[in-house]
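Novice: what follows is a protein structure lacking sequence information:
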Ligand SMILES: NC(=O)c1ccc[n+]([C@@H]2O[C@H](COP(=O)([O-])OP(=O)(O)OC[C@H]3O[C@@H](n4cnc5c(N)ncnc54)[C@H](O)[C@@H]3O)[C@@H](O)[C@H]2O)c1
Ligand SMILES: O=c1ccn([C@@H]2O[C@H](COP(=O)(O)OP(=O)(O)O[C@H]3O[C@H](CO)[C@@H](O)[C@H](O)[C@H]3O)[C@@H](O)[C@H]2O)c(=O)[nH]1
């Protein structure tokens with residue numbers, strides 16, 4: 001029986017390995033992690049991450065051919081294929097701080113593999129890493145090899161949170177990069193055989209190592225660039241009376257452009273886009289390509305601009321001050337159908353409003369109070385380290401309360417900010433909400449999910465990203 005071990009039981013390692021175990025009953029899959037609490041949760045009824053469909057997959061395979069363990073060394077030693085799916089955060093200090101990927105966790109995993117291995121292994125990069133990381137890992141492994149043969153493969157993951165299980169069941173493509181040597185090609189084939197259990201042959205792409213590594217960074221950069229492009233247009237739409245939804249639809253009808261990923265928003269979030277683009281920028285700079293670096297940096301700048309613009313709009317519309325006003329924040333996760341808050345735009349928007357002394361009442365169906373307080377007090381990029389190494393947050397932000405109901409959040413509020421596109425926010429009784437709010441009552445829709453005309457009929461002043469402005473908003477121009 002082929003044995004797979006995955007180092008890192010996070011958002012990628014957990015779901016990816018669960019699906020491999022489901023689709024390949026003859027393979028034993030063990031997911032290992034240094035975080036005891038994470039592994040305990042994977043072995044319990046309350047999985048550590050919320051992802052639609054994940055519970056069913058885990059229930060079917062756990063204890064059969066899917067296992068979760070903290071005995072990292074034992075399972076790595078026994079495996080034929082070792083996936084490495086550990087954190088690759090942005091460096092916060094030293095060379096490349098604020099841009100370069102911090103490969104501390106990757107390197108320590110690689111050194112551990114070298115220490116404990118007694119048989120030949122295929123080592124698979126699942127984490128998103130800078131181009132040429134495979135070469136560094138190869139060096140660590142071969143310098144400590146004790147005669148063991150290692151083949152390094154790059155097999156980046158393209159799943160999106162909230163749809164991870166469906167993405168893994170029906171991937172647009174699986175990408176496998178390897179050395180173009182007989183041993184390298186054999187290793188590529190071995191990994192291909194795993195995916196071929198459920199992914200059609202034409203969707204499994206094989207490339208050289210560096211193309212696979214770079215394709216992951218490039219794909220995220222392209223996706224994020226589409227969002228920044230439509231968000232940049234949203235600002236122009238507001239200035240001219242155009243409607244960004246109509247513009248995006250008309251633009252996307254061109255089959256060369258396509259409709260997907262053109263939803264204007266308060267800004268993109270998530271653990272990957274910003275981190276991976278910063279990483280790409282750093283690689284360009286290191287390779288003497290400042291113009292290319294500058295081009296991609298702009299995607300992040302526009303994203304920051306969009307979040308600031310939203311805060312400025314809220315404050316400007318409310319007589320240029322939100323001091324001591326209660327503002328209801330609906331949604332804190334970086335997108336719907338996940339409890340993940342890593343780099344969520346809600347953090348920057350909430351911090352901006354708190355900077356103007358607002359009182360916030362936050363509701364998200366999947367995010368806990370503890371998480372929100374941690375996010376609002378944590379330093380930039382600290383979130384991307386293993387949980388047990390993250391700073392605890394003894395201080396809480398006093399002007400923030402976290403409630404478990406949208407009606408409670410909006411009671412007596414001056415304004416509602418919608419920051420995540422949860423379906424339940426579309427179905428709220430906005431008349432009831434209006435009746436219980438201070439007047440004038442505002443809705444700032446950062447996701448364009450409410451029916452603005454209906455809300456205006458009720459009496460709200462409504463701001464929707466990139467849509468023609470209410471006369472009230474036109475009379476209260478915001479600093480862009
Ligand atoms: N989250 C996503 O949607 C997504 C998608 C594609 C790629 N990625 C990439 O995959 C990688 C992992 O992302 P994630 O979201 O799963 O992160 P995560 O923080 O959820 O999980 C990483 C896990 O690795 C563990 N870990 C760290 N060092 C370890 C070690 N030496 N030994 C054992 N365990 C160790 C941590 O405790 C943590 O549980 C990152 O490089 C990320 O960029 C993420
Ligand atoms: O039209 C859109 C689409 C998305 N978003 C926002 O963009 C962010 C990222 O969304 P999404 O890409 O759906 O989620 P992620 O889980 O971050 O997935 C991205 O990042 C992963 C990690 O690298 C990759 O594997 C995926 O392919 C890539 O889509 C979220 O804040 C979304 O709300 C928009 O604002 N407008």
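Specialist: Received it, and whenever you're ready, just let me know what you need. Every value quoted in this text rests on a predicted model; they were computed, and no experiment measured them. Numbers count the residues shown, from 1 in each chain. Ligands and ions are numbered 1, 2, ... in the order given.

Novice: residue contacts, whichever residue of the stretch 301-450 of the chain sits closest to ligand 1?
Specialist: Per C-beta to the nearest ligand atom, residue 386 is where the stretch 301-450 of the chain lies closest to ligand 1, at 3.4 Å. For the C-beta atoms, the positions are set from N, CA and C on the backbone; glycine is no exception. Listed by C-beta atoms under 8 Å, 6 or more residues apart in numbering, the contact set of residue 386 reads 34, 35, 86, 87, 105.

Novice: kindly recompute the last result at 7 Å.
Specialist: 34, 35, 87 (C-beta atoms under 7 Å, 6 or more residues apart in numbering).

Novice: just the pLDDT at it, thanks.
Specialist: Listed pLDDT for residue 386 reads 80.

Novice: with the one 3 residues further on instead?
Specialist: For residue 389, the model assigns a pLDDT of 73.

Novice: kindly report the same for residue 193.
Specialist: 97.

Novice: can you tell me the helix or strand for it?
Specialist: Assigned by DSSP states H and E, residue 193 belongs to helix 182-195.

Novice: also residue 83?
Specialist: With DSSP H and E as criterion, residue 83 is part of strand 81-84.

Novice: that strand packs against which elements?
Specialist: Under the contact definition 3 or more C-beta pairs under 7 Å, 6 or more residues apart in numbering; DSSP states H and E, strand 81-84 sits against strand 3-7, helix 104-116, strand 121-125.

Novice: just checking, what packs against the last one?
Specialist: Read that as strand 121-125. Here strand 121-125 touches strand 81-84, helix 133-143, strand 150-154, helix 182-195, going by 3+ C-beta pairs under 7 Å, 6+ apart.

Novice: could I get those as CSV with mean neighbour count and distance to ligand 1?
Specialist: Putting the helices and strands packed on strand 121-125 into CSV (neighbours: other C-beta atoms under 10 Å; distance: least, C-beta to the nearest ligand atom, whole Å) gives the following:
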stretch, mean neighbour count, distance to ligand 1
strand 81-84, 25, 8
helix 133-143, 17, 10
strand 150-154, 24, 12
helix 182-195, 17, 16
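
Novice: ranges for the helices of the stretch 351-480 of the chain?
Specialist: Secondary structure of the stretch 351-480 of the chain (DSSP state H, counting those that start in this stretch): helices at 369-377, 406-410, 430-435, 452-458, 471-475.

Novice: can you list contacts of stretch 93-105?
Specialist: 86-91, 129-130, 133, 278-279, 281-282.

Novice: what do you get if the cut-off is 10 Å, keeping everything else the same?
Specialist: Contacts of stretch 93-105 with the rest of the structure, by C-beta atoms under 10 Å, 6 or more residues apart in numbering, involve 7-8, 34, 84, 86-92, 109-110, 127-130, 133, 136-137, 217, 275-283, 285-286, 293, 297, 380-381, 384-386, 389.

Novice: try stretch 188-195
Specialist: So stretch 188-195 is in contact with 2, 4, 20, 23-24, 27, 29, 80-81, 83, 122, 124, 151, 153, 155, 171, 174, 176-180, 196, 199, 201, 203-207, 212, going by C-beta under 10 Å, 6+ apart.

Novice: at 7 Å instead, please
Specialist: 20, 24, 27, 81, 122, 124, 153, 155, 174, 176, 178, 204, 206.

Novice: which residue packs closest to the third one, ignoring adjacent ones?
Specialist: The reference is to residue 27. Nearest non-adjacent residue to residue 27, counting by C-beta to C-beta, 6 or more residues apart in numbering: residue 2, 4.8 Å away.

Novice: give me the pLDDT value at the one you found.
Specialist: Value listed for residue 2 in the pLDDT field: 92.

Novice: surely it meets residue 79?
Specialist: No: contact criterion C-beta atoms under 7 Å: residue 2 and residue 79 do not qualify, at 8.9 Å.

Novice: so these two - more neighbours on which side?
Specialist: residue 79 (25 against 14; other C-beta atoms under 10 Å).

Novice: my read: that one touches residue 1, true?
Specialist: No: if you go by C-beta under 7 Å, residue 79 and residue 1 don't touch, sitting 11.3 Å apart.

Novice: which residues do those two both contact?
Specialist: If you check residue 79 and residue 1 against C-beta under 7 Å, 6+ apart, no residue is contacted by both.
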